[in-house]
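Novice: The following block contains a protein sequence and its predicted model.
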Amino acid sequence: MKNNSIRTVVATGIGAALFVVIGILISIPTLVVPNTSIQLQYAVQSLLATVFGPIVGFLVGFIGHAFKDSLQYGSPWWSWVLASGVFGLVLGVAKRSLRLDEGIFEKKDIVFFNVTQVVANIVAWGLIAPLLDIVIYSEPANKVFAQGLVAGIVNSVTVAVAGTILLSIYAKTQTRSNSLSKD
């Protein structure tokens, strides 16, 4: 149990740091809606969430996004920080249905992962972020739902491509179940 706690802390720390660095260095504006961009850190968060579970998934997004916002804008935008955490939480729960640790990430796993990450993006950016923007910051509904829609779409595509690649690479580093035979 202690070893698992250490892994959780280390994975969270490294993941949050990667979230910040990638989020600051690689942010491609969508040019469709203000303050929305293509963010590759969600692919890394999806890998860490599906490998280490929902606690790490949530904390990487929540802590990483809070620090990134603080460094870039002076303070966190809490509605989107929470949405990033929820995205990781949902993907972390999906860990139970994936076979990454067994070295398996086949078509049905890829489909399951991508359906799950699209649902997580819809919940995070289509519901949580815009609704909290309205409640916390009194932002106009049409603005925040447009931002959420664009963010959800670009994050879904980014995670579908880069996240799937990362998970495929990770699965290949694991020993496949029943891969050893007795001579």
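Specialist: Received the coordinates, thanks. Residues are numbered from 1 along each chain as shown.
Novice: for the chain, what spans make up the helices?
Specialist: Along the chain, counting by DSSP state H, helices occupy 2-25, 41-52, 54-73, 78-94, 107-121, 129-137, 141-158, 164-173.
Novice: my guess is Ala120 contacts Leu91, does it?
Specialist: Yes. The pair Ala120 and Leu91 qualifies as a contact (Cβ atoms under 8 Å) at a distance of 5.6 Å. In this view, the C-beta of every residue, glycine as well, is placed from N, C-alpha and C.
Novice: Nearest to Pro34 among the helices of the chain would be which one?
Specialist: Of all the helices of the chain, it is helix 141-158 that lies closest to Pro34, at 7.6 Å by Cβ to Cβ.
Novice: ok, residues contacting the closest one?
Specialist: Residues outside helix 141-158 that contact it (Cβ atoms under 8 Å, 6 or more residues apart in numbering): 30, 32-40, 42-43, 87, 117-118, 121-122, 124-127, 129-130, 133-134.
Novice: Just the buried ones out of those residues, please.
Specialist: Buried subset of the contacts of helix 141-158 (neighbour count, 16 or more other Cβ atoms under 10 Å): 33, 36, 38-40, 42-43, 87, 117-118, 121-122, 124-126, 129-130, 133-134.
Novice: tell me the contacts of the nearest residue to Ser70 once chain neighbours are set aside?
Specialist: Nearest residue to Ser70, sequence neighbours excluded (Cβ to Cβ, 6 or more residues apart in numbering): Pro76, at 5.8 Å. Pro76 makes contact with 65-66, 69-70, according to Cβ under 8 Å, 6+ apart.
Novice: how many other residues sit next to Pro29?
Specialist: Look at Pro29: counted by other Cβ atoms under 10 Å, it has 11 neighbours.
Novice: Who does it form a beta bridge with?
Specialist: When assigned by DSSP bridges, Pro29 has beta-bridge partners Ser37.
Novice: Give me the pLDDT for it.
Specialist: Model confidence at Pro29, given as pLDDT, is 90.
Novice: unless I'm mixing things up, it is touching Ser37, no?
Specialist: Yes. Counting by Cβ under 8 Å, Pro29 does reach Ser37; the two are 4.9 Å apart.
Novice: Quick check: the gap between the closest residue to Leu167 other than its chain neighbours and Lys95.
Specialist: Nearest residue to Leu167, sequence neighbours excluded (Cβ to Cβ, 6+ apart): Phe105, at 5.5 Å. From Phe105 over to Lys95 the distance is 12 Å, taken as Cβ to Cβ, to the nearest Å.
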